[in-house]
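1. what's the 3D shape of this:
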Amino acid sequence: MGEFSEEEQRILEYVRERAAGGEAYLRAKQIAEGIGLSAKQVGVRLPKLAEKADEVDIEKWGRARSTTWRVTRG
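-> Here you go, the predicted model:
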């Protein structure tokens, strides 16, 4: 995982754990609270990780009050 920053690695580890059962629906705020970053820091990185990450698929899923991300094992 050398191509990922430390923050990106933390986000990926968190979403991998949450999607261990196959898939998970997460919001940036929820991820941020779990790893000690701000929701903005997470929200900025998720679209980039959606393109770069191979071990999980990150897909913008829905937008109500905030964007929901669907994470599945890649």
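2. Every contact and neighbour count from this point should use C-alpha atoms.
-> Will do.
3. contacts for the worst-scoring helix or strand of the chain on mean pLDDT?
-> None of the helices or strands of the chain scores lower by mean pLDDT, DSSP states H and E than strand 56-63, at a mean of 88. By Cα atoms under 8 Å, 6 or more residues apart in numbering, the surrounding residues in contact with strand 56-63 are 12, 16, 46-47, 49-50, 67-74.
4. So what are the sheet partners of it and their directions?
-> strand 67-73 (antiparallel) (DSSP bridges).
5. What are the buried residues along the partner strand?
-> 68-73 (16 or more other Cα atoms under 10 Å).
6. From Glu7, how far out is the nearest residue to Arg16 once chain neighbours are set aside?
-> Leaving aside its sequence neighbours, Arg16 sits nearest to Val56 (Cα to Cα, 6 or more residues apart in numbering; 6.7 Å). To Glu7, Val56 is 16 Å away according to Cα to Cα, to the nearest Å.
7. With neighbour numbers in mind, choose between those two.
-> Neighbours were counted for Val56 and for Glu7 using other Cα atoms under 10 Å; Val56 has more, 21 against 15.
8. partner residues bridging that one?
-> Beta-bridge partners of Val56, as defined by DSSP bridges: Arg73.
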